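J.: Okay, sequence plus prediction incoming.
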Amino acid sequence: MTAVLRTKNLLKNFGAVKAADNLNITLESDTTVGLIGSNGAGKTTFLNMVTGYLTPDHGTIYFENENITGKSPRDITRRGVYRSFQIPQVFNTMTVKENLEISVSIGMNQPNYTKHIDETVNNESSIIKNSLQKFKLEEYQEKVASQLPEGTRKLLDISMALVMKPKLLLLDEPTSGVSAEEKFNIMDMVMNAVRSEKIAVLFVEHDMEIIKRYTDRTLAFFNGRVIADGLTNEVLNQENVIENILGSSI
Ligand SMILES: Nc1ncnc2c1ncn2[C@@H]1O[C@H](COP(=O)(O)OP(=O)(O)OP(=O)(O)O)[C@@H](O)[C@H]1O
Ligand SMILES: [Mg+2]
C-alpha cells in the first residue's frame, strides 16, 4: 500500500493550548481510519491543517509525496482531498439537488477528476441521480437544505464531497447529532460508496460502536498528541485509551 497522507512533526498552538503537539501520521490508500479523542484533543485542528484551513506553526504535510503545507483549501481540494464538517456546510437556501449540482460542476472542473469508465454516467445529471439514489436523498431533492433533518443534512454534506471524487476523504463527526439507529444507516451508505471507489477515509467519531464496526485502524488523540495508533480492537483495549478517552465518552 502507498501513503496518501503523511505528516511530519506538526505543531499548532492556540496561546498556551497545544492543539497539535508533534503529530507524525501516515495514512495508506484504500483504508478506513477512525480518529478518536475527548473534546479538545485536537481532532478538528488536525483536519483543518491537512485541508488548509489552518497553517501549522511547524511541520510538514505531504499528500501523495507532495508538500502541501500552507497551501489554500482550494489548492488542496484540487489535489483530491475533500472533507465534511462537524456542522454540515451546505448551501442552506438551495435545494438538495442544487447543492449537488454545484459540487458536481466544481468536481468536474478539477484537474484530477477521474471519469467513470462507463461514459454514459459521466454527465452531470446521471452523476447527481446516482448520488441521490445511493444516499436515499431522492425524496428530498427539491427540499431546501435548511429544512432537512440533521442526519439528511450530514448525508448531503458527505455526498457533496463524494461526487467530487476524492482520493482522501476526511469526515468530522459524520454521525453526531443523529439518532442511534440513523447513525448506522448513514455510515452504511457512506462506507458502501467509499469502498466501491477505493477512497482513503479518516473520520472523527465519539461513538465507539461506529468505530468498531467501520474502521480497520484507529488513531487516538489526547492533548494534541497521538497516544495510540493501530488495529481498532487493540487500540480500544489499550489502558491509556480507556483511561483518557473511553472513560469520558461512555
Ligand atoms: N481557532 C481557535 N482559537 C483558539 N483555540 C482553538 C481554536 N481552535 C481550536 N482551539 C483549541 O484547540 C484545542 C483543540 O481543539 P479541536 O477543535 O481541534 O478539538 P477536537 O478534538 O476537535 O474537539 P471536539 O471533540 O470537541 O470537536 C481545544 O483546546 C480548542 O479550544
Ligand atoms: Mg472537533
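T.: Sure thing, it's come through. Predicted, not measured: the structure shown is a model, and the values here were computed from it. Ligands and ions are numbered 1, 2, ... in the order given.

J.: Return the set of buried residues in the longest strand belonging to the chain.
T.: The single longest strand within the chain, with elements called by DSSP state E, is strand 3-14. Neighbour counts over strand 3-14 (16 or more other C-beta atoms under 10 Å) mark V4, L5, R6, T7, K8, L10, L11, K12 as buried. Yep, even glycine has a C-beta here, placed from its N, CA and C like the rest.

J.: In which helix or strand does the residue lying closest to S146 once chain neighbours are set aside reside?
T.: Closest residue to S146 apart from its sequence neighbours, by C-beta to C-beta, 6 or more residues apart in numbering: N92 at 4.0 Å. Using DSSP states H and E, N92 is not contained in any helix or strand.

J.: N92 and ligand 1: what is the separation?
T.: As defined by C-beta to the nearest ligand atom, to the nearest Å, N92 lies at a distance of 22 Å from ligand 1.

J.: thinking that residue is in contact with R153, fair?
T.: No: contact criterion C-beta atoms under 8 Å: N92 and R153 do not qualify, at 9.1 Å.

J.: These two - which one has more neighbours?
T.: R153 (23 against 13; other C-beta atoms under 10 Å).

J.: Kindly confirm my reading that that one is in a strand.
T.: No: going by DSSP: H, G, I helix; E, B strand; the rest coil, the assignment for R153 is helix, not a strand.

J.: Give me the buried stretch members for stretch 233-241, please.
T.: Of all the residues in stretch 233-241, those buried under the rule 16+ other C-beta under 10 Å are V235, L236, Q238, V241.

J.: Find me the pLDDT at whichever residue of the chain sits closest to ligand 2, would you?
T.: Closest contact between the chain and ligand 2, by C-beta to the ion, is at T44 (3.1 Å). Note for T44: predicted pLDDT of 97.

J.: Assign A228 to helix, strand or coil.
T.: strand.

J.: chain center to the helix or strand hosting N192: distance?
T.: Using DSSP H and E, N192 maps to helix 180-197. Between the centre of helix 180-197 and the centre of its chain there are 13 Å (C-alpha atoms, centre = their mean, to the nearest Å).

J.: Could you pull out the buried residues of that helix?
T.: Buried positions in helix 180-197, judged by neighbour count with 16+ other C-beta under 10 Å: E182, K183, F184, I186, M187, M189, V190, M191, A193, V194.

J.: same question, stretch 131-139
T.: S131, L132, K134, F135, L137.

J.: For the protein, name the helix or strand with the lowest mean pLDDT.
T.: helix 247-249 (a mean of 66; mean pLDDT, DSSP states H and E).

J.: list the contacts for T77?
T.: The contact partners of T77, by C-beta atoms under 8 Å, 6 or more residues apart in numbering, come to T51, Q110, M164.

J.: ok, N123 to ligand 1 distance?
T.: Between N123 and ligand 1 the computed distance is 38 Å (C-beta to the nearest ligand atom).

J.: Number the residues from 26 up from this point.
T.: In the new numbering, first residue 26, that becomes N148.

J.: So which bits of the chain are right by ligand 1?
T.: Residues of the chain found near ligand 1 (C-beta under 6 Å from any ligand atom) are F39, V42, A44, G62, N64, G65, A66, G67, K68, T69, T70, Q111.

J.: what do you get if the cut-off is 8 Å, keeping everything else the same?
T.: The chain comes close to ligand 1 at residues 37, 39-40, 42, 44-45, 62-73, 79, 111, 197-198, 229, 231, 246, 249, as judged by C-beta under 8 Å from any ligand atom.

J.: Buried ones among these?
T.: 37, 44-45, 62-63, 66-73, 79, 111, 197-198, 229, 231, 246, 249.

J.: Where do the helices of this protein begin and end?
T.: With helices called from DSSP state H, the chain shows them at 68-75, 98-103, 121-133, 149-159, 175-187, 205-222, 233-239, 257-261, 264-266, 272-274.
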